[in-house]
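Visitor: no sequence for this one, just the structure:
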């Protein structure tokens, strides 16, 4: 799949996943790369940018099994943004499906 | 590639980001390696699934440059150039979309500057022409026009030239700003940044 396209979708995926619960970086990367074939390293620049833009907050938490982990938590602003992106995405997808459907008929 | 190589290549490609931010960026990857290897993966495996550290570094470098710009202040040409080239090195898409128009516009700007600068120079030359015609008549001819014509005409052209240079200065600033905005727009397209 086209790389730029994936990058755009990745932003939406990260926002949607973080809407469910807080994740630490590694865990989030695994959750995403399990479903989408990406270079895992591309998730961190995205996390950093979205954090700087105020969509996420981070905090460090000790873990029972190992060293401390940096968790990402979505903010209210992030939730709003996620809603907008999700709507965009759904509109886009239904448009594409519409076109593909028509193609088959013709 | 082991952890050390990955981190040092990543660090190098972060470019001119402040040291404290670099540390912050690298932290995420150190943690990633730590957890990955604790799960039994080798450093090579973790590095391979992370991807190319140089490309990863570039995307931070671009974000950081664009952010500096957003925080205001002057737009030094070197900043704009760095942002342009950082974008270019990321993808071929940017090579076509940024470099083409950028080089074209730089050419236009150089042409306009040359014109603007030549005006005051030729104005001054025209003012000095009657004097030169007196000293070295074999080289300089006033073409049958009076010395007054040359002097006042020259002053007029020189004044116009100064205005043109001022105008070009303002236009150049606008151009740098527009370029920065354009690069940012491209980065948005590339990353679908809202």
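Guide: The structure has been received and is ready for your questions. Just so you know, these numbers come straight off a predicted model, no measurement behind them. Numbering: from 1, shown residues only, chains lettered A, B, ... in the order given.

Visitor: Domain parsing of chain B, as residue ranges.
Guide: Per the record, chain B has its domains at B:1-73, B:75-194, by automatic domain parsing.

Visitor: from the middle of its chain, how far away would the helix or strand containing residue B:20 be?
Guide: Using DSSP states H and E, residue B:20 falls within helix B:19-38. Its chain's average C-alpha position is 31 Å from that of helix B:19-38, according to Cα atoms, centre = their mean, to the nearest Å.

Visitor: what does the helix or strand just after that helix rub up against?
Guide: Next in sequence after helix B:19-38, counting helices and strands by DSSP H and E, comes helix B:43-50. With contacts defined as Cβ atoms under 8 Å, 6 or more residues apart in numbering or on different chains, helix B:43-50 is touched by A:33, A:39-41, B:1-3, B:5-6, B:29, B:32-33, B:36-37, B:53, B:56. Backbone N, C-alpha and C define where each C-beta goes, glycine included.

Visitor: rerun at 10 Å
Guide: Outside helix B:43-50, the residues within contact range by Cβ atoms under 10 Å, 6 or more residues apart in numbering or on different chains are A:26, A:29-30, A:33, A:38-44, B:1-7, B:9-10, B:29, B:32-37, B:39, B:41-42, B:53, B:56.

Visitor: Run through the neighbouring helices and strands of the lengthiest helix in chain A.
Guide: Looking across chain A with DSSP state H, the single longest helix is helix A:76-105. Counting contacts by 3 or more Cβ pairs under 10 Å, 6 or more residues apart in numbering or on different chains; DSSP states H and E, helix A:76-105 is packed against helix A:3-20, helix A:43-52, strand A:56-61, strand A:69-74.

Visitor: Select from these the stretch with the lowest mean pLDDT.
Guide: The stretch with the lowest mean pLDDT among those is helix A:3-20, at a mean of 84.

Visitor: Figure out how far the helix or strand just after that one is from the centre of its chain.
Guide: Next helix or strand after helix A:3-20 toward the C-terminus (DSSP H and E): strand A:23-24. Distance of strand A:23-24 from the chain centroid (Cα atoms, centre = their mean) equals 12 Å.

Visitor: deepest of the domains of chain B, which one?
Guide: domain B:1-73 (a mean of 17; mean count of other Cβ atoms under 10 Å in any protein chain shown).

Visitor: re the thing from before, can I get the helices and strands packed on helix A:76-105 in TSV with distance to chain B and mean neighbour count?
Guide: What follows is these, written out as TSV (distance: least, Cβ to the nearest Cβ, whole Å; neighbours: other Cβ atoms under 10 Å in any protein chain shown):
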stretch	distance to chain B	mean neighbour count
helix A:3-20	3	17
helix A:43-52	4	20
strand A:56-61	10	14
strand A:69-74	6	19
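
Visitor: Those into JSON lines, with extra columns for distance to residue B:172?
Guide: Below are the helices and strands packed on helix A:76-105 laid out as JSON lines (distance: least, Cβ to Cβ, whole Å):
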{"stretch": "helix A:3-20", "distance to residue B:172": "32"}
{"stretch": "helix A:43-52", "distance to residue B:172": "30"}
{"stretch": "strand A:56-61", "distance to residue B:172": "39"}
{"stretch": "strand A:69-74", "distance to residue B:172": "42"}
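
Visitor: Of all these, which one is nearest residue B:62?
Guide: Nearest of the helices and strands packed on helix A:76-105 to residue B:62, taken as Cβ to Cβ: helix A:43-52 at 9.0 Å.

Visitor: okay, the angle between that closest one and strand A:69-74?
Guide: With axes from the mean of the first three to the mean of the last three Cα atoms, to 10 degrees applied, the angle from helix A:43-52 to strand A:69-74 works out at 60 degrees.

Visitor: What is helix A:43-52 packed up against?
Guide: Helix A:43-52 sits against helix A:3-20, helix A:25-33, strand A:56-61, strand A:69-74, helix A:76-105, helix B:19-38, helix B:53-70, helix B:147-191, with contacts defined as 3+ Cβ pairs under 10 Å, 6+ apart.

Visitor: Tell me which of the ones you listed sits nearest to residue B:139.
Guide: Going by Cβ to Cβ, the one of the helices and strands packed on helix A:43-52 nearest residue B:139 is helix B:147-191, 15.0 Å.

Visitor: could you give the angle of the closest one to helix A:43-52?
Guide: Computed by the same axes, to 10 degrees, the angle separating helix B:147-191 from helix A:43-52 equals 110 degrees.

Visitor: mind checking which of the helices and strands packed on helix A:76-105 is nearest residue B:112?
Guide: helix A:3-20 (34.5 Å).
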